[in-house]
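> here you go, sequence then predicted model.
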Amino acid sequence: MKKTNHNLLPGLMLGLILMGTACQQPGPNQTGSEFIPGMAHSIAYEANVYIAYPLNTFEEESVKSRYELSKPRKPVAGTIPRGYTGVALAADEEQAQKELAVLEGLESNAIGVPLNGHVPYYYPDTDEGRARAAAEIIQNPFPITAEGLERGKELYDIYCGICHGEKGDGNGYLVREDGGVYPAAPKNFLLDEFVTASNGRFYHAIMYGINVMGSYADKLSYEERWQVIHWIRALQAKDRKLKYDENENTLNPEFGTPAAWLKPVVAEQQETPAPAEGGEETTQGDGH
């Protein structure tokens, strides 16, 4: 008669218990039993939630309090949300329509995302950084619109015109004989040097300032900076009897994309029928 190996009994019993508990089915108010839940649920702390999470283990070893770990966090350096910029990094009408269609979710497999102004700026405040920005930043990411030009004019008159002049000729109030106290002559944007200069030269100056001009990065948002640059281009075009508006850009196609180029795509989206109540959703974008 063979002897029973009693050393196997604890293992068999444990196996039966695990099988029985791991196979419990979930219900309306019961998640069921989970085998090794740490493999299915994150044990990381819950940001912005100041509660005890039973599967957390970070507090046992953390040198920081739950309050510190639950506070809002800054995003990883250099990361940006989807839909980070404007709509018109295009050299012609066909490309502009295609890019807008992708952003609006009209292309196949494209997801419409709201556009926003979060864009990291990687160019340092050095002569090398300024030269790189001037060489690499060419196209204005926002289309030329009547509303944008109106906003750009308003901001330009507030922050720029007092020095650079309402016409962009460098003859602002602070440097004129009738009230000027500014010791240095501001740049004349109507000269060939600035008419042919890339948008990066203007944007870098707004970000960091140049010579005795200070930075305006804390005064103008991302889009506002670009609308001010649009208005500077409009002043240059007006001085040379050229066009720079929502319908046409004869100053330089690389400087800005007229909104008229984008209208066919916008109209297509607006005509997309809304889903019927209880029906399937369409692939229509977010409408931004």
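Okay, I see it.
> which other helices and strands contact the top helix by length along the chain?
For the chain, the longest helix by residue count, based on DSSP state H, is helix 222-239. In this structure, helix 222-239 packs against helix 146-159, helix 199-208, with contacts taken as 3 or more C-beta pairs under 8 Å, 6 or more residues apart in numbering; DSSP states H and E. C-beta here means a position set from N, CA and C on the backbone, and glycine is covered the same way.
> out of the ones you listed, which comes closest to Ile111?
Among these, the nearest to Ile111 by C-beta to C-beta is helix 146-159 (25.8 Å).
> how far off helix 199-208 does that closest one point, in degrees?
50 degrees (axes from the mean of the first three to the mean of the last three C-alpha atoms, to 10 degrees).
> and helix 146-159, what's buried?
For helix 146-159, the neighbour count (16 or more other C-beta atoms under 10 Å) marks Gly148, Leu149, Arg151, Gly152, Lys153, Leu155, Tyr156, Tyr159 as buried.
> quick one: name whatever helix or strand follows that helix.
For helix 146-159, the succeeding helix or strand toward the C-terminus, using DSSP states H and E, is helix 161-164.
> give me the contacts around that following helix.
Here helix 161-164 makes contact (C-beta atoms under 8 Å, 6 or more residues apart in numbering) with Gly170, Gly172, Tyr173, Leu174, Val175, Tyr182, Pro186, Lys187, Asn188, Phe189, Met213.
> what angle sits between the longest helix of the chain and helix 146-159?
90 degrees.
> give me the buried positions along helix 222-239.
222-237, 239.
> residues touching it, excluding its own?
86, 117-119, 140-142, 144, 148-149, 151-153, 155-156, 159-160, 167-168, 189-190, 194-195, 199, 202-203, 206-207, 216-217, 220, 243-245, 249-252, 255-256.
> dump that helix to CSV, keeping only the CA atoms.
Extracted in CSV, the C-alpha atoms of helix 222-239 (Å, rounded to 0.1, in the frame of the first residue of the first chain):
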residue,chain,number,x,y,z
TYR,A,222,0.7,82.5,-28.7
GLU,A,223,-2.0,83.4,-31.2
GLU,A,224,-1.9,87.1,-30.3
ARG,A,225,1.8,87.2,-31.3
TRP,A,226,1.0,85.7,-34.7
GLN,A,227,-1.9,88.1,-35.2
VAL,A,228,0.4,91.0,-34.5
ILE,A,229,2.8,89.7,-37.1
HIS,A,230,-0.1,89.4,-39.6
TRP,A,231,-0.8,93.1,-39.0
ILE,A,232,2.8,94.0,-39.6
ARG,A,233,2.7,92.2,-42.9
ALA,A,234,-0.6,94.0,-43.7
LEU,A,235,1.2,97.4,-43.1
GLN,A,236,4.1,96.3,-45.3
ALA,A,237,1.6,95.3,-48.1
LYS,A,238,-0.3,98.5,-47.8
ASP,A,239,2.9,100.6,-48.1
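> I'd like the average pLDDT over that helix.
Averaged over helix 222-239, pLDDT sits at 95.
> got it, and stretch 155-164?
For stretch 155-164, the per-residue pLDDT averages 93.
> cool, stretch 101-121 as well?
68.
> least trustworthy helix or strand in the chain by mean pLDDT?
Least confident helix or strand, the chain: helix 263-270 with a mean of 48, by mean pLDDT, DSSP states H and E.
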